[in-house]
Structure formats: C-alpha cells, structure tokens
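Asker: This is a predicted model, with the sequence first.
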Amino acid sequence: MVPIVKQATEVATRTKAAKAKSARPPATATGNDFPRPYTTVDVVIFTVLNDALQVLLVQRPFEPEDPYPAAWALPGGFVNIDLDPDLLACARRKLHEKTGVASPYLEQLGSWGSATRDPRGWSATHAYFALIPSEGVVLTKGANAANVAWFEVDLLGKGPRLAFDHADILHAAVERLRSKVEYTSLPAFLLPEPFTLPQLQHTYEVVLGRPVDKSGFRTRMMSADFLEEAGIVEAASRRPPMAYRLKDRSQPVYFPRTFSPRGAG
C-alpha cells in the first residue's frame, strides 16, 4: 500500500503540471513544407448591352514568360492572405482591381482545380458570377491587364479562345444564370434604378433568349412583392409607366413557378 502522504504529494504534482500545461500558449502548427496548389478567384461579370447578354473579359499581358500571353480571360487573380479575409473579399477586390467595377450582386459559382489547368503547376480557382447594369460603367484596365472589354456571350464560340479553363467556367456561369432567371428576380440586378416593368421584361427576354408572356410577367412581378414604386416616368404615351426599384439588393426573390413563353397557354 502507498503511504497517504506520498499519494497526496503525487496528486499535487500532477495537478500543478496540468495547470502549467493549460497555461502555455497553443503550439504553432509545423510541417507546412508540403507542396501546395496555386489558389485563385475568377469572376464572371454579366451585363445586358445592345440587347444582348454580355460578359466582361480582360486581356492578359504581352509577356512571353506568363501563361497565355495576350489571350482573353475572366478577371481574377491569386488570393492574398494579407488582404483577403475570405474568398468573397478576394472576388470583390479582383473585380475592382482588374476592371474598376464594384458589383452590386455576387454569387459563388463553383471551384475548378487540376494539375493541368495552369502550366505553372497544380492550381485551383473559386469562381463567382456578378451582375451589373451597363449604364454609367466606365471600364478601367487594372494591374496586369492589357485591355478590358465586353463580349457578347452567344458569339464567344466564334471569337477568341479563352485562357486556362475559363471557357468551361463561363459556360457553367451562363447555364447557372439562365436557369435561375426562370424562377428568380436576378435580371433586376442588370438594370439601373429606377426601371419600368417593360424594361424588366425585356431584360428577362434578353437573358433567356426568348419572349415571355406579358400579362403573366406583370402578375408574377407584382405578386412577388420585391419591388417598390419610384414614381411615374415621363413618356409620350397617354399612360406614363410607373418606375420601380428593388426593396432589397442583397439577394434575389424566388418564384414558385418558371416563366411561360409568350403565347403559351
């Protein structure tokens, strides 16, 4: 049998050691010398211009040591751990640096990664899509961009080949946008405020690439309760239209049904 005094001494020693251990700061993680992929964020920026859905592209610099010199690409770049608290912050920063545009709507699209998408090495990119009104936007080519311009989405297949896997990312973004337009208020983010219902319907039709039923459209917009009146718009007609603005610009409204084509029963 162990003497009681010895037991008490051992218990006190263990308690003191436990307290000392808990008071020490947590150990710093070590062993981060394993290979890590490049991490980037790319942004697919949409607008409606000249009655067409357009996407913003930047031209890569004419530097032979860089991958895809002079090729057109989605605006984006590397995550900066000192400036970007999260991926969304990086997307907003790159959007502004490369184009001078601050988007009122950004949505995460998905992630792409492989050992072959970037000739410099294994890389992963996190893609977002943005919606902005074209009115009043003055494009500014930012750092590491030779040029910046709008391109009509449906004609890009006949235009320049995009750098990296950006054609795949753009295709996914177009499909996501057109799918969500069928049951959300997303096209309203493509319009400057205030706007009329005919302008909003036209924007829906441009993005979808087909007409929608006028009476059903008006009923859908009014019943969703996401618009507020902004006053009568001056017009030559006997009944000048009412203008509207969004009640909430932070997120779209979801509808219970998709749109019916014009003339559908």
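Answerer: That came through, no problem. Numbering: from 1, shown residues only.

Asker: contacts and neighbour counts: CA atoms only from here.
Answerer: Will do.

Asker: And for stretch 120-133, what's in contact with it?
Answerer: In this structure, residues lying in contact with stretch 120-133 by CA atoms under 8 Å, 6 or more residues apart in numbering are 36-48, 67, 87, 91, 103-117, 169, 173, 189-192.

Asker: let's see it at 6 Å
Answerer: For stretch 120-133, contacts defined as CA atoms under 6 Å, 6 or more residues apart in numbering pick out 37-47, 103, 105-115, 189-192.

Asker: Just give me how far it sits from the chain centre.
Answerer: From the chain centre to the centre of stretch 120-133 is a distance of 8 Å (CA atoms, centre = their mean, to the nearest Å).

Asker: ok, now stretch 170-177?
Answerer: 11 Å.

Asker: Buried ones in the strand ranked longest in the chain, by neighbour count?
Answerer: Taking DSSP state E as the criterion, the chain has its longest strand at strand 38-49. For strand 38-49, a neighbour-count test (16 or more other CA atoms under 10 Å) marks Thr40, Val41, Asp42, Val43, Val44, Ile45, Phe46, Thr47, Val48, Leu49 as buried.

Asker: Let me see the domain layout of this structure.
Answerer: 38-180, 183-246 (automatic domain parsing).

Asker: Can you say which of the ones you listed is packed in most?
Answerer: Highest mean neighbour count of those: domain 38-180, a mean of 18 (counted as mean count of other CA atoms under 10 Å).

Asker: what would the buried residues of strand 38-49 look like in JSON lines with pLDDT and distance to Gly136?
Answerer: Converted to JSON lines, the buried residues of strand 38-49 look like this (pLDDT from 0 to 100; distance: CA to CA, whole Å):
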{"residue": "Thr40", "pLDDT": "93", "distance to Gly136": "29"}
{"residue": "Val41", "pLDDT": "95", "distance to Gly136": "26"}
{"residue": "Asp42", "pLDDT": "95", "distance to Gly136": "23"}
{"residue": "Val43", "pLDDT": "95", "distance to Gly136": "20"}
{"residue": "Val44", "pLDDT": "96", "distance to Gly136": "19"}
{"residue": "Ile45", "pLDDT": "93", "distance to Gly136": "15"}
{"residue": "Phe46", "pLDDT": "95", "distance to Gly136": "15"}
{"residue": "Thr47", "pLDDT": "94", "distance to Gly136": "12"}
{"residue": "Val48", "pLDDT": "96", "distance to Gly136": "13"}
{"residue": "Leu49", "pLDDT": "94", "distance to Gly136": "12"}
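
Asker: give me the low-pLDDT residue ranges for the stretch 51-200 of the chain?
Answerer: 99, 141-145 (pLDDT under 70).

Asker: The longest strand of the chain: what's the following helix or strand?
Answerer: strand 52-59 (DSSP states H and E).

Asker: That next one: partners in the sheet, and parallel or antiparallel?
Answerer: Sheet partners assigned to strand 52-59 using DSSP bridges are listed as strand 38-49 (antiparallel), strand 72-73 (antiparallel), strand 147-152 (antiparallel).

Asker: would a markdown table of the ones you listed with distance to Arg60 be doable?
Answerer: Formatted as a markdown table, the strands paired with strand 52-59 follow (distance: least, CA to CA, whole Å):
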| stretch | distance to Arg60 |
| --- | --- |
| strand 38-49 | 14 |
| strand 72-73 | 6 |
| strand 147-152 | 8 |
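
Asker: Tell me which of those lies nearest to Ala243.
Answerer: Comparison of the strands paired with strand 52-59 against Ala243 by CA to CA identifies strand 38-49 as nearest, at 18.9 Å.
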